[in-house]
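Asks: Coordinates for the following, if possible.
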Amino acid sequence: MTSLKDRMQQGKDARKQCSRSAQASTGKMNRDPIPLIKASSQGRVESLVELRYGRMLVSPFTFFRGNALLQAHDLSGTANMGLNVPICGDCHLMNFGGFATPERNLLFSVNDFDEAHPGPWEWDLKRLAASFVVAARDLRHGESVEEQVCREMVGAYQTTLLECAEQSTLENWYESISYNDLLAQARKSTLEHVQRAIEKAERRTHAELLPKISERDAHGRLIIRDDLPEIFHLHKNTTLLDAEDDWLRLADWRPLFDTFMREYRSTLQPDRRELLSRFHVQDLAFKVVGVGSVGTRCLVALLTDDQEFPLFLQLKEARRSVLADYVKSKSRVRHEG
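Replies: Now for the predicted structure:
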């Protein structure tokens, strides 16, 4: 058992291995980004790779957001304190936001773990700080704002980490940031923004989404509406899958869905398994999401209960973390999912 005092001393000792001034290094910047970007496109749906590049080209921030591999490469040349922990791996500001828990409580937190992997704790903080700088610069706020937001973010990180260090295991396990917490902390200038975010989150339900992306076919059955290149069916003439794709060898989408759901159900708690059993699948379609994830396999399934109220499930490919080739730590999980 390690006491708080011992952990604080461990941190101070680790600083001897990597001083705070050493953290100023930007890493392996003498590189051509093009081969790294192409490497990150390997294994994606070929016809969607150009769409990914198009989304990255919208602004400097979307470029930064869409290519975590490039920064992982750069950071691998920086010193660290040797304190390796499970990190997000893609900790930029757009990967934080509001979402509802299974109990429908609105929380604010990091909400994307595609690149999660054991690694130096500094990498998450550096990617987050860099995202603030790039976003502020892209919005032309000026250098003073760039520095101010980074200082406030790092200061909040430092304060929160100290609070967590002093809390019990159970307190840390159940720690969360609710929207009421955000309202209490919001400045006058951001209060209206937080309130709008809460209202938007409360309206974001499956029933609200249904008319936006679905329609009835000739037989009156609810199906997902094609909206190329964002949404398309796997086995219709609208498909953007490559001609030799394994999924196209199937007669239709149901065997694929049944396989995924059989494995998914086995991971659920009994009460959620019971809830899911009350819904029946109507349709399945490929859905392009995000920036960095464009071209990876992401499906959305439309299920309905006996009264035709909807439940949408997203089935998303979990690829090997881009950090895996750049850190000494190895992941102990059985598979990326």
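
Asks: What ranges does the stretch 1-150 of the chain have for its strands?
Replies: Assigned by DSSP state E, counting those that start in this stretch, the strands in the stretch 1-150 of the chain fall at 84-87, 96-100, 106-110, 117-120.

Asks: Could you pull up the mean pLDDT of the last one?
Replies: Strand 117-120 shows an average pLDDT of 96 in the prediction.

Asks: which neighbours does it have in its sheet, and in what orientation?
Replies: Its sheet considered, strand 117-120 pairs with strand 84-87 (antiparallel) by DSSP bridges.

Asks: what comes up buried for the strand it pairs with?
Replies: For strand 84-87, burial by neighbour count (16 or more other Cβ atoms under 10 Å) applies to 84, 87. Backbone N, C-alpha and C define where each C-beta goes, glycine included.

Asks: roughly how far out does that strand sit from the chain middle?
Replies: Taking Cα atoms, centre = their mean, to the nearest Å, one finds strand 84-87 lying 16 Å from the centre of the chain it belongs to.

Asks: and if you look at stretch 108-128?
Replies: 10 Å.

Asks: same check, this time on stretch 90-107
Replies: 10 Å.

Asks: show me where this structure has helices.
Replies: 4-17, 33-39, 46-56, 60-65, 68-75, 121-138, 143-166, 169-173, 179-185, 188-203, 206-213, 254-265, 270-276 (DSSP state H).

Asks: Deepest-packed of those, please.
Replies: Highest mean neighbour count of the helices of the chain: helix 68-75, a mean of 22 (counted as mean count of other Cβ atoms under 10 Å).

Asks: State the distance from the closest residue to Val45 other than its chain neighbours to Ala324.
Replies: Using Cβ to Cβ, 6 or more residues apart in numbering and skipping the chain neighbours, the partner closest in space to Val45 is Gly295 (5.1 Å). For Gly295, the distance to Ala324 (Cβ to Cβ, to the nearest Å) stands at 19 Å.

Asks: more neighbours, these two?
Replies: Applying other Cβ atoms under 10 Å to Gly295 and Ala324 shows that Gly295 carries more neighbours, namely 22 against 18.

Asks: Quick one: residues contacting that one.
Replies: By Cβ atoms under 8 Å, 6 or more residues apart in numbering, the contact set of Gly295 is 41, 44-46, 48-49, 51-52.

Asks: can we see that at 6 Å?
Replies: Gly295 sits next to 44-45, 48-49, 52 when contact means Cβ atoms under 6 Å, 6 or more residues apart in numbering.

Asks: I'd like the helices of the chain as CSV, with distance to Phe312 appended.
Replies: Output for the helices of the chain, formatted as CSV (distance: least, Cβ to Cβ, whole Å):
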stretch, distance to Phe312
helix 4-17, 43
helix 33-39, 31
helix 46-56, 21
helix 60-65, 24
helix 68-75, 26
helix 121-138, 28
helix 143-166, 33
helix 169-173, 29
helix 179-185, 22
helix 188-203, 15
helix 206-213, 5
helix 254-265, 13
helix 270-276, 13
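
Asks: export the strands of the stretch 1-150 of the chain to JSON lines and tack on distance to Leu234?
Replies: Output for those, formatted as JSON lines (distance: least, Cβ to Cβ, whole Å):
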{"stretch": "strand 84-87", "distance to Leu234": "34"}
{"stretch": "strand 96-100", "distance to Leu234": "27"}
{"stretch": "strand 106-110", "distance to Leu234": "31"}
{"stretch": "strand 117-120", "distance to Leu234": "30"}
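
Asks: ok, the closest residue to Arg320 other than its chain neighbours - how many residues close by?
Replies: The shortest distance from Arg320 to any non-neighbouring residue, by Cβ to Cβ, 6+ apart, is to Glu336 (6.0 Å). Glu336 has 15 neighbours, counted by other Cβ under 10 Å.

Asks: With Asp112 instead?
Replies: By other Cβ under 10 Å, 18 other residues sit near Asp112.

Asks: Nearest residue to it in space, ignoring adjacent ones along the chain?
Replies: Spatial nearest neighbour of Asp112, excluding adjacent residues (Cβ to Cβ, 6+ apart): Asn95 at 4.0 Å.

Asks: Which one of the strands of the stretch 1-150 of the chain has the poorest average confidence?
Replies: Minimum mean pLDDT among the strands of the stretch 1-150 of the chain: strand 96-100, a mean of 86.
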